[in-house]
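S.K.: Model the structure of this input:
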Amino acid sequence: MSERTATIVSPSGLHARPAALFTQAVSKSGFKITVAKGEKAVNAASILAVISLGVSQGETVTIASDDEGADSVLDQLVELLSTVE
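M.R.: Alright, predicted model coming up:
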């Protein structure tokens, strides 16, 4: 399993526009990816699941995948979450 951590910089947290951009990127990747806040992990391609995590600005999430070759996608997703406002 590959995993990365990302700190959310968006003032609205991982909600609305940032969540939509994130889930769209996950869907386009073709990999099965999860995003977790604490012990709760959800399907990163589901906008409702991602919003249900209730991630606020400054909080950290863990992005993970068991799929081989997902490392570069995980890096791109961390970059997205670290820059989208």
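S.K.: Please count neighbours and contacts with C-alpha atoms only from this point.
M.R.: Noted.
S.K.: now the most far-flung residue of the chain relative to its centre, what's its secondary structure?
M.R.: With Cα atoms, centre = their mean as the measure, the chain has its most outlying C-alpha, relative to the mean C-alpha position, at E68: 17.9 Å. Counting by DSSP: H, G, I helix; E, B strand; the rest coil, the backbone at E68 sits in coil.
S.K.: And the pLDDT for it?
M.R.: Looking at E68, its pLDDT reads 95.
S.K.: Distance of it relative to E39?
M.R.: For E68, the distance to E39 equals 23 Å [Cα to Cα, to the nearest Å].
S.K.: Not counting its neighbours along the chain, what's nearest the spatially most central residue of the chain?
M.R.: By Cα atoms, centre = their mean, the chain has its centre lying nearest to V35, at 5.0 Å. In space, and not counting its chain neighbours, V35 is closest to I63: 4.5 Å by Cα to Cα, 6 or more residues apart in numbering.
S.K.: Could I get the full set of helices for this protein?
M.R.: 16-29, 47-52, 71-83 (DSSP state H).
S.K.: so which of those gets nearest V9?
M.R.: helix 71-83 (5.7 Å; Cα to Cα).
S.K.: Give the buried residues for the closest one.
M.R.: By neighbour count on 16 or more other Cα atoms under 10 Å, the buried set for helix 71-83 is D71, V73, L74, L77, V78, L80, L81.
S.K.: I'd like the distance from the third one to P11, if you could.
M.R.: Shown here: L74 relative to P11, a distance of 22 Å by Cα to Cα.
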